[in-house]
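Novice: Sequence first, then the predicted structure, then my questions.
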Amino acid sequence: MAVVTLRDGSSREYPQPVTPLQVAEDLSRRLAKETIVAKVNGVLWDINRVMPEEAELELLDFDNPQARDIYRHSTAHLMAQAVQELYPDVKLAIGPAIEDGFYYDFDLGEPLTPDDLEKIQRRMEELVKEDLEIQRQVLSREEAIKLFSEMGENYKVELIEDLPEDAEISCYRQGDFLDLCAGPHVGSTGRIRVFQLTSVAGAYWRGDEHNIMLQRVYGTSFVKQSQLEEHLRMLEEAKKRDHRKLGRELDLFSLNEAGPGLPFYHPKGVIIWNELLKLWREEHAIDGYMEIRTPQILNQRLWEQSGHWDNYAENMYFTEVDDNNFALKPMNCPGAMLWYLTQHRSYRDLPLRSAELGLVHRHEASGVLHGLMRVRAFTQDDAHIFMLPSQIEEEISGVIDLVDRLYKVFGLDYRLEISTKPEKSMGSEEQWETATQALISVLENKGVDYKINPGDGAFYGPKIDFHVQDCLKRSWQCATIQLDFQMPERFDLTYIGEDGQKHRPVMVHRVAYGAIDRFLGILIEHFAGSFPVWLAPVQVKLLPIADRHHQYCKEVAASLVKAGIRVEVDSRNEKIGYKIRQAQGEKVPYMLVVGDKEVEAGKAALRTRSQGDLGQVDLPQFQERLLEEIKTRQLN
RNA sequence: GCCGAUGUGGCUCAACGGUAGAGCAGCUGAUUUGUAAUCAGCAGGUUGUCGGUUCGAUUCCGACCGUCGGCUCCA
């Protein structure tokens, strides 16, 4: 006798234990068809796995994120099965579900081509038609290791060996295909409906570049064809937002072979850049920061002292002048240290917040360069805060608030991560522990969500990172707050305490935008090039209908320019439709169309990029409204 | 850096073993125009670079450089 309690509280009785699928079939055909996975007594459960005699059952379909991941994970298995049949010598690595899809890593000794993907996709389709049952099987550790060793699946053996002692080791079988997997999975291959393999790429085993490179095949799957089409449409839309495309179209910046990863900013890009800095300086002044500037290159000895020579040299550019070795700065901190040392500091001076818009150069691997998001020269909106140990929490909290204030201006969402001690690092375990706990405690006290990112800290200390997503949902680190007990030590920074004795200050490195370059890239995508008026390189474009309106347009433009508004006049010999089309393409927020009627009335016909023709407006009124919109930095 | 793909005028793309073509942009002229493309003409490329194969290469091969998608790393 088995009792199954459903989500709505009702219960059903069966003469013997049943599977979730049997219950679903009992309830409705449609439910049986749409259910991907079950939750039995709160645990994810294969729909074809017999439930305990007393079970609380929940049936999950594709709309449920967990079920969706399972569906895609099953698609990854399906792909692995197809690959194994087509390439019998393949060794399987891992194949998880990811945001929007899945991948599977294969060791096949030879690279896959896009043509191979089609072949694999076709084989997958056949396997779906065969509707092979996917069965769970539990093994002992010894059995599992023996089984996968015999199969020659050394990556799987390695995975099993790394599983915790008490882990239940399970496999899933579909036809002749067997894979190590915690599961659960969809009940049979026939339940996987719409899928598409999207790309191949090399990926290192366990993400470590010292390991062998595997072939990673990416794909995605859905239950309805329309969902796949919608997904592909979204990708197309995202491409239109790509900051590299918009950066060229809007003439904001360019990249050149002459300097890979070294961006050139065009006049319109610099306008946005400067507006960002204007806001930045306003907000930093409010928070009591002082701005400094330190040199672009400094003696190599300084970098030895700071620890960069030992920990960061591979990313640095060096140069030799008059038998002295210099390094182009990859970070601004040593400069800030030297500034701190120019005076005796008192505890009364602390916290001391020194900000620097520093251009830093880092030799990043060629393969990682990406538009403005990942470059080799970038300007950090850096700051170094020197403080008493007792001020740590308050200062970090202040930075978090400042970043939040700034990001709100743009309507940007972000995610917080705490990164802990990396392999290559300075300082004792205790220092790292204290510093990391301090960061955690600030976030806990503020009640904000965060994720721990183990081993991803800077070499001198743990950090809180602010991550923002680009249009393709790739996440980029923007702001970061890094606690540092090392640098003050290395540079022997001191302050005179209340007791008249020398003490060691604590330091925080932090950036708010992060790199102005990357932040600009993020903003281009965030706004899809349609910047809010305060950021728009051209705020108003005057469009005369005919030559006889040019003079009037020039006068209107002059008056707007005088008020500090960025204006262009399109006095080309073209029809109004053409000029509008062009201005819309440039994403100019306001267009003023001027013809006979407007000249006569002393007005202009207003058109906005988002709402179209709004009819005639009174110019002084328009100017006033515009100035207010700019001053308050209104979002679109 | 590694794996794969890719590289033709400012941009988007075509052609192909017999020394390149279109649209847009640009320039000139005509047109003086009312809310997303007026017409005509002109000009613009040693087909990323360097080698090799070939009677001949932009086309085939190799190396390098850049770019794109990943891996990894970080702002």
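Specialist: Done, it's in. Residues are numbered from 1 along each chain as shown, chains lettered A, B, ... in the order given.

Novice: which SS class is the residue in the stretch 51-200 of chain A that RNA strand B sits nearest to?
Specialist: RNA strand B sits closest to A:P111 of the stretch 51-200 of chain A, with a gap of 3.3 Å, by Cβ to the nearest atom of the strand. From N, CA and C alone the C-beta is placed, and that goes for glycine too. Assigned by DSSP: H, G, I helix; E, B strand; the rest coil, the conformation of A:P111 is coil.

Novice: pretty sure it contacts A:Q215?
Specialist: Yes: if you go by Cβ atoms under 8 Å, A:P111 and A:Q215 touch, sitting 6.2 Å apart.

Novice: neighbour-wise, which of the two wins?
Specialist: A:Q215 (22 against 11; other Cβ atoms under 10 Å).

Novice: list residues touching both of A:P111 and A:Q215?
Specialist: Counting by Cβ atoms under 8 Å, 6 or more residues apart in numbering, the shared contacts of A:P111 and A:Q215 are A:200, A:202.

Novice: doesn't A:F195 fall inside a strand?
Specialist: Yes: per three-state DSSP, A:F195 lies within a strand segment.

Novice: who touches it in this structure?
Specialist: Taking Cβ under 8 Å, 6+ apart, one finds A:75, A:78, A:121, A:124, A:219-222, A:228 in contact with A:F195.

Novice: And for A:A24?
Specialist: Taking Cβ under 8 Å, 6+ apart as the criterion, A:A24 is in contact with A:31-32, A:35, A:47, A:59.

Novice: Tabulate those residues (JSON lines), appending neighbour count and pLDDT.
Specialist: Output for the contacts of A:A24, formatted as JSON lines (neighbours: other Cβ atoms under 10 Å; pLDDT from 0 to 100):
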{"residue": "A:L31", "neighbour count": "15", "pLDDT": "87"}
{"residue": "A:A32", "neighbour count": "18", "pLDDT": "87"}
{"residue": "A:T35", "neighbour count": "24", "pLDDT": "90"}
{"residue": "A:I47", "neighbour count": "26", "pLDDT": "90"}
{"residue": "A:L59", "neighbour count": "22", "pLDDT": "90"}
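
Novice: Among the contacts of A:F195, which pair sits farthest apart?
Specialist: A:L78 and A:L228 (15.4 Å; Cβ to Cβ).

Novice: And the two? Which one has more around it.
Specialist: A:L78 (30 against 17).

Novice: tell me which element that one is part of?
Specialist: Using DSSP states H and E, A:L78 falls within helix A:65-86.

Novice: now, the most widely separated pair of the contacts of A:A24?
Specialist: Applying Cβ to Cβ across these, the maximum distance is between A:L31 and A:I47, 10.7 Å.

Novice: which residues do these two both contact?
Specialist: A:24, A:59.

Novice: Quick check: mean pLDDT of stretch A:101-117?
Specialist: Stretch A:101-117 shows an average pLDDT of 86 in the prediction.

Novice: circling back to that earlier point, narrow the contacts of A:A24 to those in strands?
Specialist: Among the contacts of A:A24, the members found in strands (DSSP state E) are A:L59.

Novice: Kindly reformat the contacts of A:A24 as TSV and extend each row with distance to A:D349.
Specialist: Converted to TSV, the contacts of A:A24 look like this (distance: Cβ to Cβ, whole Å):
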residue	distance to A:D349
A:L31	69
A:A32	72
A:T35	66
A:I47	67
A:L59	64
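
Novice: any idea which of the contacts of A:A24 is closest to A:A67?
Specialist: Proximity of the contacts of A:A24 to A:A67 (Cβ to Cβ) peaks at A:T35, which lies at 8.2 Å.

Novice: In contact with the closest residue to the closest one other than its chain neighbours, which residues?
Specialist: Residue nearest to A:T35 in three dimensions, not counting chain neighbours: A:L59, with 4.4 Å by Cβ to Cβ, 6 or more residues apart in numbering. When contacts are counted by Cβ under 8 Å, 6+ apart, A:L59 is found next to A:7, A:20, A:23-24, A:31, A:35, A:38, A:47.

Novice: list the buried ones in the helix or strand hosting A:E237?
Specialist: If you go by DSSP H and E, A:E237 is part of helix A:225-241. Judged by neighbour count (16 or more other Cβ atoms under 10 Å), helix A:225-241 contains these buried residues: A:228, A:231, A:241.

Novice: Run through the stretch 401-550 of chain A and note the low-pLDDT ranges.
Specialist: Within the stretch 401-550 of chain A, no stretch has pLDDT under 70.

Novice: Could you give the number of residues near the residue of it found nearest RNA strand B?
Specialist: Nearest residue of the stretch 401-550 of chain A to RNA strand B, counting by Cβ to the nearest atom of the strand: A:G514, 2.5 Å away. Applying other Cβ under 10 Å, we find 24 residues neighbouring A:G514.

Novice: Likewise for A:E257?
Specialist: 5.

Novice: is it true that it lies in a helix?
Specialist: No: under three-state DSSP, A:E257 falls outside any helix and is assigned coil.

Novice: That one and A:D517, how far apart?
Specialist: Between A:E257 and A:D517 the distance is 18 Å, computed by Cβ to Cβ, to the nearest Å.

Novice: Then A:E54?
Specialist: 60 Å.

Novice: Which of those two has more residues huddled nearby?
Specialist: A:D517 (25 against 13).

Novice: helix or strand for the more buried one, which one?
Specialist: helix A:516-526.

Novice: ok, that helix near RNA strand B or not?
Specialist: Yes: using Cβ under 7 Å from any atom of the strand, helix A:516-526 reaches RNA strand B at A:517-518.

Novice: low pLDDT regions in the stretch 51-200 of chain A?
Specialist: For the stretch 51-200 of chain A, no range has pLDDT under 70.

Novice: Can you report phi and psi for the one residue sitting closest to the centre of chain A?
Specialist: Geometric centre of chain A, nearest residue: A:S475, 0.8 Å, by Cα atoms, centre = their mean. With angles defined as degrees, to the nearest 10, A:S475 sits at phi -100, psi 140.

Novice: That one reaches A:F466, doesn't it?
Specialist: No: here A:S475 does not reach A:F466: they are 10.3 Å apart, not a contact under Cβ under 8 Å.

Novice: tell me which parts of the stretch 151-300 of chain A are close to RNA strand B?
Specialist: So the stretch 151-300 of chain A meets RNA strand B at A:199-204, A:207-209, A:213, A:215-216, A:244, A:248, A:255, A:257, A:260-261 (Cβ under 7 Å from any atom of the strand).

Novice: Mind doing that once more with 6 Å?
Specialist: Contact residues, the stretch 151-300 of chain A versus RNA strand B (Cβ under 6 Å from any atom of the strand): A:199-204, A:207, A:209, A:213, A:216, A:244, A:255, A:257, A:260-261.

Novice: How about the stretch 401-550 of chain A?
Specialist: A:422, A:456, A:458, A:465, A:472, A:474, A:477-478, A:480, A:511, A:514-515, A:517-518, A:545-547.
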